[in-house]
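Asker: Give the three-dimensional model of this entry:
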Amino acid sequence: MATTHRKLTTIFSADVQGYSRLMEADEERTLATLKQYRDAMVRLIEAHGGRVINTWGDGLIAEFPSVVESVRAAIDVQNELAGRNANQPSEARMEFRIGINLGDVIADGEDIYGDGVNIAARLQTSAAPGGIVISNTVHDQVRNKMTVGFEFLGQLSVKNISEAVPSYAVQVGDVKNARAYAARAEEEARPQAAAAEWGRTTGWTQVPSKKTVSRSFSVMGLVAAGLVAINLFTWHGTFWAAWPVLAYCVLAGLSWAGTTNLVDRKLASLGVIGAMFVAINLLTWTDTFWAKWPLLAIAIAAGLSRTMRRKRT
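Answerer: Residues are numbered from 1 along each chain as shown. You can find the predicted model right below:
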């Protein structure tokens, strides 16, 4: 009979970057490639003394008794898959991201659970395609035992864990911009972490999904349209409904700016705020275009933000 106990182990987490895009382009080819690549990954994991715990969709979780062997396995995996991808057209290449963490977990039969697993999964999402990101607990164990280089990526926030996790990118193959990928992943995770913290402080246990947020904005849009209709039906020479409509537009614009991949999100947010000042200026027009001053400040802030980002990368 299976028993539950705690143990210290090395958790290896991997998934495919852009899996949904690959499936949308060609499901059969993507599934066939995934099987081949995963079989190669399992073979290399077992060759280094690891054990595959679970696979789902495009993901994989494994554990290793040796921290050093887990990193060696990850490097071998990425090198072999890079060789396989070299023979594929660019649109069909399947690149895995790998995260590795050494932590205390709960073992229940063949499965493992706990913060140690969650941290490995979070590190994986911060890795560049074809890259490897490890926690500081892994780095402390391997830094003097391996000849590969490591790049410090900073502190990564992890959902439901109060303290950030120092992380490092393993310099393998020709993977570049590891810091940029990690920073982007951290920026994307920040709203979710803030929402989770808000949930803990207010008593809500469920973070709103994208569908819920979309539904909320749809309701707000209907309310704004209703206010416009009321304003027109009770017209007394003042278009007061412009203000709730403006508020709705600003909130919708900021929501879009926080999730878009078309342009830089900070610049998009600044653009929405600038448009808000222009709209307020026009709605309260007194022959003075005072909005030019906040627009100038926003332009300066955007320039400084872009310059600082270039220096960091």
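Asker: I'd assumed residue 96 was in contact with residue 132.
Answerer: No: the pair residue 132 / residue 96 is not scored as a contact, 9.4 Å apart, by CB atoms under 8 Å. In short, each C-beta sits where N, CA and C put it, glycine included.
Asker: quick one: residue 60 and residue 39 touch, right?
Answerer: No: judged on CB under 8 Å, residue 60 makes no contact with residue 39 at a distance of 11.1 Å.
Asker: Let me know the pLDDT of the residue nearest to residue 111 when sequence neighbours are not counted.
Answerer: Excluding its sequence neighbours, the residue lying closest to residue 111 (CB to CB, 6 or more residues apart in numbering) is residue 53, at 6.4 Å. Residue 53 is assigned a predicted lDDT (pLDDT) of 94.
Asker: Use 23 as the first number from now on
Answerer: With the count now opening at 23, the last piece we talked about shows up as residue 75.
Asker: secondary structure class for residue 75?
Answerer: Under DSSP: H, G, I helix; E, B strand; the rest coil, the three-state class of residue 75 is strand.
Asker: what's the answer for residue 184, then?
Answerer: Relying on three-state DSSP, one would call residue 184 strand.
Asker: domain assignment for the chain?
Answerer: Annotated domains of the chain cover 26-224, 232-334 [automatic domain parsing].
Asker: ok, of these, where does mean pLDDT dip lowest?
Answerer: Sorting those by mean pLDDT places domain 232-334 lowest, at a mean of 82.
Asker: Give me the phi and psi for the residue in the chain sticking out farthest from the centre.
Answerer: No residue in the chain sits farther from the centre than residue 258, which is 49.9 Å out by CA atoms, centre = their mean. Main-chain dihedrals, residue 258, degrees, to the nearest 10: phi -130, psi 30.
Asker: swap in residue 88?
Answerer: Per degrees, to the nearest 10, the backbone of residue 88 is at phi -110, psi 130.
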